[in-house]
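Visitor: Everything below, folded, please.
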Amino acid sequence: MTPIFGCGLYFFSKHVAKETKNELNTYSKAGRIIKEVFSSFRTVLALNGQKFEQKRYESELHATRWCSIRKGAMLGFFVGWLYFITCIIYVIGFLVGSRLIRLHECTTAEIGNILTIVILLVEAITFMSYLAPCFQSLAEACGAATEVFDLINEADIANINEVNIWDENTSERESVDIHGDIEFVNVNFDYPNRNGVSALKNLNLVARAGETTALVGKSGSGKSTCISLLLRYYEPSFGKITVNGRSITEYNVKKLRENIGVVSQEPILFNTSIYENIRYGRENSTRAEIEEAARQATAHDFIMRLPNKYETIVGEGGAQLSGGEKQRVALARTLIKQPGILLLDEATSALDNNSERIVQEALDRACKTRTTIVIAHRLATIQSADRIYVLDNGNVIEQGTHETLMTKEDGEYKQMINMQQMEVIDNYDDDNEEIMIKSQIEEDDKKIFFRSSPLTDNQHAVQSKKASSSTRQSAFLRLLHMNSPEWMLILIGCTMCLIVGVSQMILIVLIPKTVAKLSHCKLAEDSHHIILYSCLLLLLGITVLCVRFCQYTAFAVSGSNLTQRIRTKAIASLLRQEVAYFDQPENSSSAISTRLSSDARAVQHVTGPRLGIICESSIMIVIGLVLGCLFSYKLTLILFICFVIMITVAYLDIYLATRTDERSALSVQQASA
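Guide: Below you'll find the predicted structure:
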C-alpha cells in the first residue's frame with residue numbers, strides 16, 4: 001500500500017503547488033490594481049473611474065476563486081483517499097489472516113500479531129490523514145517558494161550591478177573623488193522593452209566641473225535617458241561615460257550614487273515625517289544638518305509653520321504637501337548628501353509661478369560649485385546655463401550658450417524659444433487663474449487633512465480598542481450572514497460531516513465483529529461473515545472517499561465565494577471614501593492591499609475546510625459521549641474531564657496565537673506602508 005499512498009501524495013502535492021502558483025500570480029495582479037488605484041485615488045475620482053476600477057479588480061478575483069475551489073476539491077479527494085486506503089488495509093489484513101488460520105499456517109493464538117500489524121499500518125495512515133492540511137500547506141509553500149526563488153535567482157544574472165550597494169564596507173575601503181567633468185563619448189542605448197528603437201545614437205557631450213549644463217529638446221529626444229545612464233540604472237549599448245576622466249563602470253555603484261544628487265519633476269516622498277524624508281539622503285545626519293539642508297532648500301520656514309513641524313507626516317507620496325513644498329523637501333534630501341554632481345530633471349516644470357520662483361532660487365544656490373546637468377522644457381529657466389545642448393532623436397544637433405544659439409536664425413533652439421514665448425502670451429491670463437485655483441486647492445487639502453485627524457493618539461487607541469472588541473463579538477455571526485447565499489452548500493458540507501462521523505462509528509462496530517469472527521474462521525459460516533464484513537469495509541471506504549470529496553468541495557466553494565464577496569464589498573466601500581481617509585498612514589495603498597490580500601483570505605477559514613473539521617469533530621464528540629454513557633458512564637465521565645482540560649489548554653493556545661498573529665499582521669502592514 002505504500003506505493004499507492006506515495007502516488008496519491010505526489011499527485012496531490014504537484015497539483016496543489018501548481019494551483020497555488022496560479023493563485024499567487026492572480027493575487028499579485030489584483031494587488032497591483034489596488035496599489036495603483038489608491039496611490040492615485042484623486043485621479044480616479046476626477047475621472048469618475050470608481051466603477052471601472054472595481055470591475056477590473058473583480059475580474060482578477062474571479063480567477064482566484066476557481067484556484068481555491070480546485071485546491072479544496074483536491075484536498076477532499078486526498079483525505080478520502082487516505083480513508084479508503086485505511087479500509088483496504090483492514091480488508092487485506094482480515095482476509096489474509098483468516099486464510100492463514102484456515103490453512104493452519106497461523107494459530108488462533110497468533111491473531112494478536114495479525115491485529116498488531118494491521119492496527120500499526122492503520123494508525124500510520126490515520127496520522128497521515130491528520131496531517132493532510134499540513135500536506136496542503138507544504139504544497140502551497142512549494143508553489144509560493146517557486147515564485148520567491150525566481151526573484152532570488154535574479155541576483156545571479158551576470159550583468160547586474162546593484163550587488164555592490166549591499167556591501168556595507170564600501171565607503172571605508174574606497175575614497176572616491178567625483179567632482180570632475182562628465183563626458184558622454186559615442187554613447188548608444190536601446191531600452192530593453194523597445195526593440196529596434198534607439199534612445200541615444202552616438203551621443204557626445206561634456207558637462208564641465210563647476211558649470212551648469214542644460215539638455216533641451218522634444219519629448220523622447222533622450223534627455224532623461226542620459227541621467228538614467230549616468231546613475232547606472234542601465235548600461236550603454238556602446239560607448240562610455242566618464243566622470244573626472246574615469247569610466248563610471250570603474251566606480252563602485254554605491255559610491256557613485258552617494259556623490260550624485262537628483263531632483264526630478266515629480267518628487268517622491270515616503271509616508272513618514274519630513275525629518276525622516278530628509279534624513280534618507282544621508283542616514284547618519286544630525287538634526288542640525290537636516291535643518292541646515294532645509295534652510296538651503298528654502299523649506300525650513302514652511303516646515304516650522306506646520307502643526308508638528310519636522311515630525312509632520314507627509315502622507316503617501318507626499319500628498320499632504322503642495323507641489324512646491326514637496327519639491328523643496330526633496331531638494332533638502334538631495335543637498336544633505338553634499339553631492340559633487342547635481343542632476344535636475346525638469347525640477348520646476350510642474351510648479352506654479354510662485355513656487356517655481358522659490359524653488360528656482362534654491363536650485364540656483366545649490367548649483368554653485370557643483371557639476372550640474374539640467375533638463376528643462378521651460379527654456380526660460382536655463383538661459384543662464386554655461387552650455388546648452390539641443391537633442392533630437394538621441395543625438396546633439398546644436399550646442400552653445402543661450403546667446404550664441406539665439407544667433408542661429410533657423411536653429412532648433414531659437415524656434416523653441418519663440419514658440420514658448422507665443423504660448424506664454426496666449427495663455428498668460430488662463431495660467432494665472434489656474435495657478436491660483438490650484439494653489440488654493442492644495443492649501444484646502446492640507447487644512448482638510450489636519451482637521452480630519454482631531455483625535456489624539458490615546459483617543460484613537462481607546463476608540464480602536466472599543467471598536468475591535470465589539471467587532472469581534474459579532475464578527476462570526478456577520479460572516480455567517482454574509483455567507484447566507486451559500487447556505488445550501490454549507491448544509492451539504494455539514495451533512496457530509498455527519499455521514500463521516502457516522503462512518504467512524506460504523507467502523508468501530510465492524511472491527512470488533514470482524515476480529516471476533518477471525519478467531520473462529522475455521523468454520524465456513526464465520527469465513528463468510530469475514531468476507532461480508534470486509535466487503536462492508538470496502539464499501540465504507542468508497543463511500544467516505546466520495547463524501548470527503550463532496551464535503552471539501554462544498555466548503556471550498558462556500559469559502560471562496562465568501563472571500564470574493566468580502567473583497568468586493570471592501571473595495572466598493574473604499575472607493576466611496578473621501579480623499580482624507582487615504583491620507584491617514586494606516587490607510588495607505590500598501591496597507592489596504594495587505595488587508596485585502598491577507599485578512600480577506602483568512603476569513604475563508606470560517607466556512608472553508610476547517611469548518612468541516614469543526615463540524616465533524618463536534619459530531620463525533622456527541623456520538624462518542626452518547627455511546628460511552630450507554631456502555632460505561634463512569635469511564636465516560638473520567639474521560640470527559642480530561643477532554644475539558646484539553647479544550648481549555650487549546651483555547652489558551654488559540655488566544656495566544658491570535659494575539660501573536662495580530663502583532664505580526666500589524667508589523668507586516670507597517671512594513672508594506
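Visitor: Which parts of the stretch 1-150 of the chain are helices?
Guide: Using DSSP state H, counting those that start in this stretch, the helices of the stretch 1-150 of the chain run over 2-39, 41-46, 50-102, 111-130, 132-153.
Visitor: Could you check the angle the longest one makes with helix 2-39?
Guide: Translated: helix 50-102. Here helix 50-102 runs at 170 degrees with respect to helix 2-39, directions being taken by axes from the mean of the first three to the mean of the last three CA atoms, to 10 degrees.
Visitor: so where's the stretch 401-550 of the chain uncertain?
Guide: Flagging of the stretch 401-550 of the chain using pLDDT under 70 yields the residue ranges 422-476, 519-526.
Visitor: so where do the strands sit in this protein?
Guide: Under the criterion DSSP state E, strands of the chain are mapped to 182-190, 198-207, 212-217, 238-243, 246-247, 260-264, 341-345, 371-375, 387-392, 395-400.
Visitor: What's the mean pLDDT across the fourth one?
Guide: For strand 238-243, mean pLDDT is 87.
Visitor: Outside of that strand itself, list whatever touches it.
Guide: 178, 180-188, 202-203, 229-230, 247-249, 251, 256, 341 (CB atoms under 8 Å, 6 or more residues apart in numbering). To be clear about C-beta, it is placed using only N, CA and C from the backbone, and glycine gets the same treatment.
Visitor: and those residues, which are buried?
Guide: Among the contacts of strand 238-243, the ones that count as buried by 16 or more other CB atoms under 10 Å are 178, 180-184, 187, 203, 229-230, 248, 251, 256, 341.
Visitor: Include distance to Thr286 when you put those residues into a markdown table, please.
Guide: Converted to a markdown table, the buried ones among the contacts of strand 238-243 look like this (distance: CB to CB, whole Å):
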| residue | distance to Thr286 |
| --- | --- |
| Ile178 | 24 |
| Gly180 | 29 |
| Asp181 | 33 |
| Ile182 | 31 |
| Glu183 | 36 |
| Phe184 | 37 |
| Val187 | 40 |
| Leu203 | 41 |
| Leu229 | 34 |
| Leu230 | 30 |
| Ile248 | 31 |
| Tyr251 | 27 |
| Leu256 | 25 |
| Ile341 | 24 |
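Visitor: Looking at those, which one is closest to Arg56?
Guide: Comparing the buried ones among the contacts of strand 238-243 against Arg56 with CB to CB places Leu229 closest, at 35.3 Å.
Visitor: Tell me, what's the model's pLDDT at Glu154?
Guide: Value for Glu154, per-residue pLDDT: 61.
Visitor: picking that back up, will you turn the buried ones among the contacts of strand 238-243 into JSON lines that also has distance to Val197 and pLDDT?
Guide: Output for these, formatted as JSON lines (distance: CB to CB, whole Å; pLDDT from 0 to 100):
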{"residue": "Ile178", "distance to Val197": "31", "pLDDT": "71"}
{"residue": "Gly180", "distance to Val197": "32", "pLDDT": "77"}
{"residue": "Asp181", "distance to Val197": "30", "pLDDT": "84"}
{"residue": "Ile182", "distance to Val197": "25", "pLDDT": "88"}
{"residue": "Glu183", "distance to Val197": "25", "pLDDT": "89"}
{"residue": "Phe184", "distance to Val197": "19", "pLDDT": "89"}
{"residue": "Val187", "distance to Val197": "16", "pLDDT": "88"}
{"residue": "Leu203", "distance to Val197": "15", "pLDDT": "86"}
{"residue": "Leu229", "distance to Val197": "16", "pLDDT": "87"}
{"residue": "Leu230", "distance to Val197": "21", "pLDDT": "87"}
{"residue": "Ile248", "distance to Val197": "24", "pLDDT": "85"}
{"residue": "Tyr251", "distance to Val197": "29", "pLDDT": "83"}
{"residue": "Leu256", "distance to Val197": "27", "pLDDT": "82"}
{"residue": "Ile341", "distance to Val197": "28", "pLDDT": "85"}
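Visitor: which one among those gets closest to Gly220?
Guide: Nearest to Gly220 out of the buried ones among the contacts of strand 238-243 is Leu203 (CB to CB; 14.2 Å).
Visitor: Hmm, that closest one is touching Leu230, no?
Guide: No. In this structure, Leu203 is not within contact of Leu230 by CB atoms under 8 Å, at 11.7 Å.
Visitor: Return every residue with contacts to both of the two.
Guide: Counting by CB under 8 Å, 6+ apart, nothing touches both Leu203 and Leu230.
Visitor: hang on, the earlier thing: please tabulate the strands of the chain in JSON lines and include distance to Ser484 as additional columns.
Guide: What follows is those, written out as JSON lines (distance: least, CB to CB, whole Å):
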{"stretch": "strand 182-190", "distance to Ser484": "58"}
{"stretch": "strand 198-207", "distance to Ser484": "58"}
{"stretch": "strand 212-217", "distance to Ser484": "63"}
{"stretch": "strand 238-243", "distance to Ser484": "65"}
{"stretch": "strand 246-247", "distance to Ser484": "69"}
{"stretch": "strand 260-264", "distance to Ser484": "52"}
{"stretch": "strand 341-345", "distance to Ser484": "55"}
{"stretch": "strand 371-375", "distance to Ser484": "59"}
{"stretch": "strand 387-392", "distance to Ser484": "64"}
{"stretch": "strand 395-400", "distance to Ser484": "68"}
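Visitor: Would you mind saying which of the ones you listed lies nearest Gln420?
Guide: Using CB to CB, the nearest of those to Gln420 is strand 212-217, at 10.6 Å.
Visitor: what's the average pLDDT for the closest one?
Guide: 87.
Visitor: Next: stretch 654-670.
Guide: Mean pLDDT, stretch 654-670: 69.
Visitor: Cys629: neighbouring residues, count only.
Guide: Cys629 is flanked by 14 other residues according to other CB atoms under 10 Å.
Visitor: quick one: the helices in the stretch 351-500 of the chain?
Guide: For the stretch 351-500 of the chain, the helices defined by DSSP H, counting those that start in this stretch cover 353-367, 402-406, 412-451, 457-482, 487-518.
Visitor: Out of the buried ones among the contacts of strand 238-243, which is nearest to Ser221?
Guide: Leu203 (10.5 Å).
Visitor: For the closest one, name its beta-bridge partners.
Guide: Val187 (DSSP bridges).
Visitor: Out of the strands of the chain, which gets nearest to Phe555?
Guide: Short answer: strand 260-264, nearest of these by CB to CB, at 51.2 Å.
Visitor: Could you tell me the angle between the closest one and strand 238-243?
Guide: Angle, strand 260-264 to strand 238-243, by the same axes, to 10 degrees: 110 degrees.
Visitor: quick one: strand 260-264 to strand 371-375, angle?
Guide: Using the same axes, to 10 degrees: strand 260-264 against strand 371-375 is 20 degrees.
Visitor: What's the local residue count around the closest residue to Arg42 other than its chain neighbours?
Guide: Once flanking residues are discounted, Arg42 sits nearest to Val579: 6.1 Å by CB to CB, 6 or more residues apart in numbering. Val579: 14 surrounding residues under other CB under 10 Å.
Visitor: Over to Glu276?
Guide: Look at Glu276: counted by other CB under 10 Å, it has 17 neighbours.
Visitor: How about Met416?
Guide: Burial of Met416 is recorded as 17 neighbouring residues (other CB under 10 Å).
Visitor: show me the contacts for it.
Guide: Counted by CB under 8 Å, 6+ apart, Met416 has contacts 216, 379, 390.
Visitor: Could I get these in JSON lines, plus columns for distance to Leu269 and neighbour count?
Guide: Output for the contacts of Met416, formatted as JSON lines (distance: CB to CB, whole Å; neighbours: other CB atoms under 10 Å):
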{"residue": "Val216", "distance to Leu269": "28", "neighbour count": "24"}
{"residue": "Leu379", "distance to Leu269": "28", "neighbour count": "19"}
{"residue": "Val390", "distance to Leu269": "33", "neighbour count": "22"}
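Visitor: Output those residues as TSV; include the columns distance to Arg295.
Guide: Output for the contacts of Met416, formatted as TSV (distance: CB to CB, whole Å):
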residue	distance to Arg295
Val216	31
Leu379	30
Val390	36
